[in-house]
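Trainee: coordinates for the following, if possible.
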Amino acid sequence: MTQNGQRNTKDDTLDDDNNNKDLLQQIASSFRSGVEVKDRKYRLMTFKQCFIGSDAVDFMVSNGIASNREEAIKLGQSLMTELSLFEHVTRDHPFADDHLFYHFIDRGDVSINPVTKEKFQWSDYLDPSSSTSYSSGGMSLQPTLPVPNMEYVSPNDVHVASHIWPLDDHNLQLLDHVHPTGWKDPTSQNKYDLVVIGGGPAGLVTAAGAAGVGARVALIEANFLGGDCLNMGCVPSKSLIHAAKLAHTVKGNQAALADAGITIQGGADSVSIDFAKIMERIRRIRAGISHHDSAERFTKELGVEVFMGRGTFVDNSSVMVNGQTLKFNKAVIATGGYPSLLPMPGLKELHQMNTNPGNKPRPYVMTNETFFNMTEQPQHLVVCGPGVIGVEMAQSMQRLGTKVTVLGRSGRILPKEDDDHAKTIQDQLEQDGVEFRLSVTEYVGVVLTGNILDNGHPEMSFKIQEQTDGKKVYTELLVDAVLVATGRRPNVNGMELEKAGVEYDGRAGIVVNDKLQTTNQNIYSAGDCCSQYKFTHAADFMARAVVRNALFFGKERMSQMLIPYATFTDPEIASVGLYGKDLDAKVVPFRTFEKHFKDNDRAICDGETEGMVRIRVDAKSDKILGATIIGKNAGNMISEITLAMQSGTGLGTLASVIHPYPTTAEAIRQAGDLFNRTKLTPATKSILRGLIKVQR
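Mentor: Sure, this is the predicted structure:
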């Protein structure tokens, strides 16, 4: 009710829903304890610990739970669908008043905290009284944040609590979803159709897809459901990039604002950056998305049995997790990868100090796995590695006000991209203020100087050796943050793969054939642990192929997948298919057609004229072999070309696709026009002129 006595329909509806759920839970408790559960036989098969549908209807009517058999059927269907209390033994029938077998579902759930009498939550471990804050001169330099009491955290969960920071409401929600503490594994009884090791994008898609077509699926994850993409990769990084673009628009791009007739009173200096708020928003967005990958959703909604622990193979058809042995017909290894550290003296030790130590000042020596734990803005960030992760985060941090230095060995950034496109990106980052040192010959060492900066960060001395004018020189950088983005390795160790007959390599990962089948014909692999294409969308479609191949005698092949990818710098750069250097290496003749955004009306209107569409086609036809787009929204634009390549649509045909005007995507159609003009040979032009003359 509202203060004026009127009925608040929304609040009352929520109360009714909660009351109905509570009542249904009470009925479920009586139902579970009242129906007769035992092993039952049907023809030559034995189904363990199940009950009969008509017996359950008898129980509900005779005990007053339902007034008649029709009502009992509806109630049983609610228990089956809304609470996922039980299922048909072969998942072929809904609940019915018939001689059908059903068994109670145990897919894993959170245990009950004996103190609170509620399910365990990560907030149960917080001990605010243990929080400390570093102070200098009487002023706190670090915020006071809740610290978990590790003494009471389950040994299976300690590593998780030490790698997600800070434990505010957002991160607590995230952990409750992707690594719920106090998790009680289901009890394994029958053989699984599919066991999936790894709960990142590849593992989740595999498990959900297989369960969706009726397979009995077990999913094993030791760390975070959702993997890198949700927790330490795509989601948080794109949220940071969003904030950096907004900051650049109002603070770093004053000339463009002035040209558009917009003036910020006080200029760029009047625009403030609240770094802590930016990072809080990242945590909030990540937590909000996390239910999609949660243990609760996969058990309650998708029908997957979830085990939180490390899986190891016992033999070629079984896996052990937390003391239980799971037997399988087929298995999928989808364990992803992990960031590698440079062999630099002092780096490993400082990186280990960056796990959750409470509120004590700590050196920000990070990989992508800990980068988004930052709460205070560093003054000087050094980025080791000029690849995709390195340049995306370098540009974002520079635009947010941190001085950034990018280090590399090869003399250039983004090694896969065409030279001119990589230079365009580097030029923009340098214009933003990023410093590049790309001739590093040795990472000499990193140590703490003993100084604490105004932001509360310990200062570090980061020494490198560079090749300058043919001479080797030593350079010292005084920094308070280090991001190591020098590559990733596959997660293949510690699973006893040898016992399963699965071959692997510490650098290349799981050995698979074109159907993503390992050297054990009943075990498949998908994602970063077996592929050079370390993208979420690649893992997604590899998983789809694995489900078809493993369960339905499919013929999906990795070599047939067309995988686009993008680097979300400003400007963006996106590619699909083969680069010119790839075609040269394969000795494939090709032609290149380019349309620059400086000639595109929409790009001119937007003041975003940097970049182009570059499309490579077969030398004798309009078959598209590869393409790169560099410019605003390139990551979205590349899908049109990907679809054309997937469907066999040639560049000449793209010229006939009508695009809205004005859009930057018109540049793709205009590249098609350029191709079609090459068909206007002198002979063709002569024939056309003759046709025109005939009609005069």
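
Trainee: for residue 598, what are its contacts?
Mentor: 604, 609-610 (C-beta atoms under 8 Å, 6 or more residues apart in numbering). For glycine as for every other residue, the C-beta is placed from the backbone atoms N, C-alpha and C.

Trainee: can you rerun that using 7 Å?
Mentor: By C-beta atoms under 7 Å, 6 or more residues apart in numbering, the residues touching residue 598 are residue 609.

Trainee: repeat for the one 4 residues further on
Mentor: Listed by C-beta under 7 Å, 6+ apart, the contact set of residue 602 reads 662-664.

Trainee: and for residue 123?
Mentor: Counting by C-beta under 7 Å, 6+ apart, residue 123 touches residue 172.

Trainee: quick revisit: could the contacts of residue 602 be laid out in TSV, adding pLDDT and neighbour count?
Mentor: Shown next, in TSV, are these (pLDDT from 0 to 100; neighbours: other C-beta atoms under 10 Å):
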residue	pLDDT	neighbour count
662	97	14
663	97	16
664	97	23
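
Trainee: between those, which is closest to residue 537?
Mentor: Closest approach between the contacts of residue 602 and residue 537, by C-beta to C-beta: residue 664, at 22.0 Å.

Trainee: tell me which helix or strand that closest one sits in.
Mentor: Using DSSP states H and E, residue 664 is not contained in any helix or strand.

Trainee: I'd say it and residue 595 touch.
Mentor: No - Residue 664 is not in contact with residue 595 according to C-beta atoms under 7 Å; the separation is 10.0 Å.

Trainee: where's residue 76, which helix or strand?
Mentor: Residue-wise, residue 76 maps onto helix 69-81 under DSSP H and E.

Trainee: tell me the first helix or strand C-terminal of that helix.
Mentor: Toward the C-terminus, helix 69-81 is succeeded by strand 86-88 as the next helix or strand (DSSP H and E).

Trainee: pairing partners for that following strand, with directions?
Mentor: Sheet pairing here is set by DSSP bridges, and for strand 86-88 it gives strand 101-104 (antiparallel).

Trainee: pull the partner strand out as CSV, backbone CA atoms only.
Mentor: Extracted C-alpha coordinates of strand 101-104, given in CSV (Å, rounded to 0.1, in the frame of the first residue of the first chain):
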residue,chain,number,x,y,z
PHE,A,101,9.2,-42.9,-14.2
TYR,A,102,10.5,-39.7,-12.7
HIS,A,103,13.6,-39.0,-10.6
PHE,A,104,14.5,-36.0,-8.4
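
Trainee: what's the average pLDDT for that strand?
Mentor: Strand 101-104 carries an average pLDDT of 93.

Trainee: residues in contact with the following helix or strand past that strand?
Mentor: Downstream of strand 101-104, the first helix or strand assigned by DSSP H and E is strand 109-110. If you take C-beta under 7 Å, 6+ apart as the criterion, strand 109-110 is touched by 119-120, 180, 182-184, 299.

Trainee: span of stretch 428-439 from start to end?
Mentor: Terminal residues of stretch 428-439 lie 20 Å apart, using C-alpha to C-alpha, to the nearest Å.

Trainee: list the buried residues in it.
Mentor: Within stretch 428-439, the residues that count as buried by 16 or more other C-beta atoms under 10 Å are 428-429, 432, 434-439.

Trainee: could you pull out the helices for the stretch 101-250 of the chain?
Mentor: Per DSSP state H, counting those that start in this stretch, the stretch 101-250 of the chain carries helices over the ranges 158-161, 169-178, 201-212, 227-231, 234-247.

Trainee: alright, I will stop here.
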